[in-house]
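[1] Here you go, sequence then predicted model.
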Amino acid sequence: MEMTVSVNDNINGTLILPIVEGTESIPEDCERGLPQSMKAQINKVLSDGDFKAKSKTTLSLVGGEDGNIILSGLGKGDGITVHDYRKAGAAVFASIKKIHGNDFTVRFIEAGVAHMAAFAEGMMLRDYSYDHYKMKDEDGEDDLPKQIRLACSEKEAGELTSLVEKYRGIAKGVHLSRDLGNCPPNDMYPEEFADRAWEWAKQYDNVEVTIINYDQAIKAGMGGLVAVGKGSSRKPCMVIFEMNKDVKGKCPVLVGKGITFDTGGISLKPGANMDEMKYDMGGSATVFGTMEALAQTGHKGKVVAITCMAENMPAANATRPGDVIKGLSGKTIEILNTDAEGRLVLSDGLWKAGEFNPEYIVDFATLTGACVVALGHEATGLWSNNDEFRGRIHDAGNAVDELAWPMPLLPAFEKEMTDSKIADTRNLGAGRWGGANTAAAFLKQFVPNVDYEKDGEQITWAHMDIAGTYWGAKTNNMVKNGATGVHVRTMHHLITQG
Ligand code: BES
Ligand code: ZN
Ligand code: ZN
């Protein structure tokens, strides 16, 4: 898609007209450039009540003498937000058919610049399909990029152009996260993820990628990462992204769970829907996508991302339930279920994060089925050791319409995860209840104190369980199917504006 801002009255190609519910005719001061017959056609449809402009609906009018039209519903007039505009933009993009051609002009009626930009953002986010493994259409038409013009006044053009530019960069990050997540697990394994990060970094001179390979991980004492990945012929690794490394001071550090396929290991999962466990690297995809969004939008601050990559396989040399391991932190872990593997790789990633002088640490993980039980596909579970910080993430999520819902980090859950008979911690709760909370409580044991001071204060940390939101989120209007790329936008907002 090529999106441009246009200050002339011409309508190129199909007209896209976002409309508020209850509108009976196009207001006169918005008629500029609309041919008489087109205006009459639209006003008739509106006054006859044939298009109610309900939120996320569209109506396509084709065959008119002055060209095709797509009417786009914004919903009820009072309190229409940028979120409504974003959803409408996505719905319009989803409704575009071949008959509309490749040229479009969006004309807004009395919308602010932020609202126009949100509509454009919705279109850009929805402009995604994962078709690398499909044969191309023979006529090649699918390959032609769509040209979208956003019509606005001269006064609005500058601000709208820069917002569209920003959202274009962020959408690239979201789409990168989705590409990584959608990639089948035979082609997406830890070293492939590392290669992609390595290749990606070459285009930016302010980003550096370091890969800690399997042998180095063993040497460094990354017992969690090694325990999970050693049973696979695709060996585990840790990939570290550093942006604007030379900037002094504290910085955000993001950590991702990157299980490129989760069979459960020796605690093998049941067969039904196991294919979905290719998305179990969604946390790593989120932080990689966030780095892309930040790089694309020219972020000047320092940011670090750590991805913990492994494939969880059953094998003769795989970790067993009952094994006790020791990771980077020096704490021992009794492994009671090899399917609770995300927390093991994250224990090393979180501990490693302490090396980068974090202002805060946020981890992303498709960590527990229990989180999906609690929140469905509607919200990410959010835990933090700092109430104010949890509030900031919640607010950043709300600002971009990606809900992150506060969940409790209770001492009782910590106790449950630290009362192993033979080790410092255990990777399984005492029972099945509160499984998302016990997982978060386990992770907290591996968040270092500031400067690794023994009796110091723990680094500000938040954990985001995206098991329900990284894929299968049917009500996410920005996505048709597959990986959602959720929280790239949240994190971009938090880091640049929050
Ligand atoms: N990757 C899964 C969590 C998951 C399950 C994500 C379903 C999305 C949908 C994770 O590694 C896992 O298997 N967790 C176990 C933990 C249990 C053994 C304590 C779970 O949730 O059942
Ligand atoms: Zn698992
Ligand atoms: Zn998993």
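    Arrived safely. Numbering: from 1, shown residues only. Ligands and ions are numbered 1, 2, ... in the order given.

[2] CA only for contacts and neighbour counts going forward, please
    Fine.

[3] what stretches of the stretch 251-400 of the chain score poorly on pLDDT?
    Applying pLDDT under 70 to the predicted model, the stretch 251-400 of the chain contains no residue that meets it.

[4] helix or strand right after the strand or helix carrying residue 161?
    Per DSSP states H and E, residue 161 falls inside helix 154-182. Remark: after helix 154-182, the chain's next helix or strand is helix 190-201, criterion DSSP H and E.

[5] quick revisit: tell me which residues of the helix holding residue 161 are tucked away?
    Along helix 154-182, the positions that meet the burial threshold by neighbour count (16 or more other CA atoms under 10 Å) are 157, 160-161, 163-182.

[6] Could you list every helix and strand in contact with that helix?
    Under the contact definition 3 or more CA pairs under 8 Å, 6 or more residues apart in numbering; DSSP states H and E, helix 154-182 sits against strand 2-6, helix 113-126, helix 282-296, helix 488-496.

[7] Report the secondary structure state of residue 304.
    Using DSSP: H, G, I helix; E, B strand; the rest coil, the three-state assignment for residue 304 comes out as strand.

[8] ok, it - contacts?
    Contact criterion CA atoms under 8 Å, 6 or more residues apart in numbering gives 240-243, 251-254, 356 as the residues in contact with residue 304.

[9] For those, which two are the farthest from each other?
    Of all pairs drawn from the contacts of residue 304, the one with the largest separation by CA to CA is 240 and 251; the distance is 14.2 Å.

[10] For ligand 2, give me its nearest residue in the protein.
    Going by CA to the ion, ligand 2 is nearest to residue 339 of the chain, at 3.5 Å.

[11] What is the neighbour count of that residue?
    By other CA atoms under 10 Å, the residues close to residue 339 number 23.

[12] which residue sits closest to it in space, ignoring its chain neighbours?
    The shortest distance from residue 339 to any residue other than its chain neighbours is 3.9 Å, reached at residue 264 (CA to CA, 6 or more residues apart in numbering).

[13] Which helix or strand contains the one you found?
    Assignment of secondary structure by DSSP H and E places residue 264 within no helix or strand.

[14] what do you get for residue 45?
    Secondary structure from DSSP H and E places residue 45 in helix 36-47.

[15] likewise residue 92?
    Element membership of residue 92, judged by DSSP H and E, is helix 82-95.

[16] Can you mark which positions in stretch 314-331 are buried?
    When neighbours are counted by 16+ other CA under 10 Å, the buried residues of stretch 314-331 are found to be 314, 318-321, 324-329.

[17] Revised request: answer the last question for stretch 46-66.
    Within stretch 46-66, judged by 16+ other CA under 10 Å, the buried ones are 46, 51-61, 66.

[18] Out of those, name the ones that lie in helices.
    Per DSSP state H, helices hold the following members of the buried residues of stretch 46-66: residue 46.

[19] mind listing which of the buried residues of stretch 46-66 are in strands?
    Among the buried residues of stretch 46-66, the subset assigned to strands under DSSP state E consists of 58-61.

[20] Adding distance to ligand 1 and pLDDT, write those residues out as TSV.
    Converted to TSV, these look like this (distance: CA to the nearest ligand atom, whole Å; pLDDT from 0 to 100):
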residue	distance to ligand 1	pLDDT
58	33	98
59	36	98
60	38	97
61	42	96
